[in-house]
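In: this one's structure only:
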């Protein structure tokens, strides 16, 4: 159980285009999902918290107009990188919060999406 | 954001040797989790420790949570090449996780 998928696994796009990344919880409902980015040989940096049915909460320094998050259902959150530039190239990872009753704030991570902006 | 410091940053050992990774913070966490991440993949949860002084074992891996719930350690006995990866500790504050910088472990055959 507790499987999280991401699509696509990798994407290459031209500068100025928008890219959408999907994050799905496959066998459980996730009211809360998280989006992280990770640069080579660095740790995960939380970008935003995605809440089903409400606006995402962004971490300080993350542009909400550039990184659009939509959590329209209990199993799907999407991250859209708008007008992508080379500096947005990174490894984007989503996670879903486990059911509170059974777990201690654990998160289950997707396999990540490698974004390369040319 | 609560800061978690991991040490060492890199660790390269021979197969069969033991290793320990440390995770320290000045903050108290409700729980602390250890993840392992392989290149190009998402982190995989290894263990969650909740109680101060708790020790958990997962085959050759031993995890310890400090009495004050501010620090933790991961000890691997008789390391194998399959243990190679990035080990991340993460402290839980309510529903958010704060990650350490990670320890890159390389086990040479």
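Out: Nice, thanks for sending it over. Here the structure is a predicted model, which is why all the values come from computation and not from measurement. Residues are numbered from 1 along each chain as shown, chains lettered A, B, ... in the order given.
In: Please identify the pairing partners of the helix or strand bottoming out on mean pLDDT in chain B and their relative orientation?
Out: In chain B, the helix or strand scored least confidently by mean pLDDT, DSSP states H and E is strand B:96-99, which has a mean of 89. In the sheet, strand B:96-99 lines up against strand B:85-93 (antiparallel) (DSSP bridges).
In: Run through who's touching the partner strand.
Out: With contact meaning Cβ atoms under 8 Å, 6 or more residues apart in numbering or on different chains, strand B:85-93 is reached by A:43-44, A:104-106, B:2, B:4, B:6, B:21, B:23, B:25, B:27, B:29-38, B:43, B:72, B:74, B:97-100, B:102-105. From N, CA and C alone the C-beta is placed, and that goes for glycine too.
In: Name only those of those that count as buried.
Out: Buried subset of the contacts of strand B:85-93 (neighbour count, 16 or more other Cβ atoms under 10 Å in any protein chain shown): A:43-44, A:105-106, B:4, B:6, B:21, B:23, B:25, B:29, B:31-37, B:43, B:72, B:74, B:97-100, B:102-105.
In: Chain A against chain B: which residues are in contact?
Out: Applying Cβ under 8 Å from any Cβ of the partner chain, one finds that chain A approaches chain B through A:4, A:6, A:32, A:34, A:41-46, A:49, A:59, A:91, A:93, A:95, A:97, A:103-112, A:114.
In: Low-confidence regions, chain A specifically.
Out: For chain A, the stretches with pLDDT under 70 are A:1, A:99-104.
In: residues near residue 64, how many?
Out: By default, I'm working from chain A. 13 (other Cβ atoms under 10 Å in any protein chain shown).
In: let's do chain B instead
Out: Residue B:64 has 18 neighbouring residues, counting by other Cβ under 10 Å.
In: Contacts for the helix or strand harbouring it next, please.
Out: Assigned by DSSP states H and E, residue B:64 belongs to strand B:61-65. Residues from elsewhere that reach strand B:61-65 (Cβ under 8 Å, 6+ apart): B:32, B:34, B:46-47, B:49-57, B:71-77.
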